[in-house]
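>>> Give me coordinates for this.
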Amino acid sequence: MTSIAPLVAESAPALSSWDHFVLRHRHPGNLAVHFVSALMFFGGPLAALVFWNAWLLTPFFASGMVGAFGHYAFKDSGVSLREATVAKEVPYYVLVMFYKIARGTYRRDIENAARKAACAL
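Residues are numbered from 1 along each chain as shown. This is a model prediction of the structure:
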């Protein structure tokens, strides 16, 4: 398993992997694509178990590529396909991100990460 931090550490060492994640997930269109990707990631295995059909695992395996597409389509910072499909903290961070969006606190995380990034330069 690969972590996000080594893939982006050279750009701003003072930023945590959460800060890097937040800075790459700011555009509303990208967030919508990530919502669909999260449904695929978590819903695919669940549907495969409920209906006992291995083909329903396909969305799970395609979810990282769908998330990466959101970055390219909405120009919301670059992300490698490797990072989108291998980094182990991404599914957790996506859940945290949507939880914070629902609570109205994600905007504060974006501002804090942007401030840290500006200080690290």
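>>> which of the residues in the longest helix that the chain contains are buried?
In the chain, assigned by DSSP state H, the helix with the most residues is helix 28-51. Across helix 28-51, burial judged by 16 or more other Cβ atoms under 10 Å covers 30-31, 33-38, 40-44, 47-48. C-beta coordinates here come from the backbone N, C-alpha and C atoms, glycine included.
>>> Residues contacting stretch 74-84, please?
2, 4, 7, 23-27, 29-30, 33, 64-65, 67-68, 70-71, 90 (Cβ atoms under 8 Å, 6 or more residues apart in numbering).
>>> Ranking helices and strands of the protein by mean pLDDT, which lands last?
Comparing helices and strands within the chain by mean pLDDT, DSSP states H and E singles out helix 4-8 as the least confident, with a mean of 50.
>>> next one: the helix or strand that comes right after that helix to chain centre, how far?
Tracing the chain past helix 4-8, the next element assigned as helix or strand by DSSP states H and E is helix 17-23. The gap between the average C-alpha position of helix 17-23 and the chain average comes to 9 Å, counting by Cα atoms, centre = their mean, to the nearest Å.
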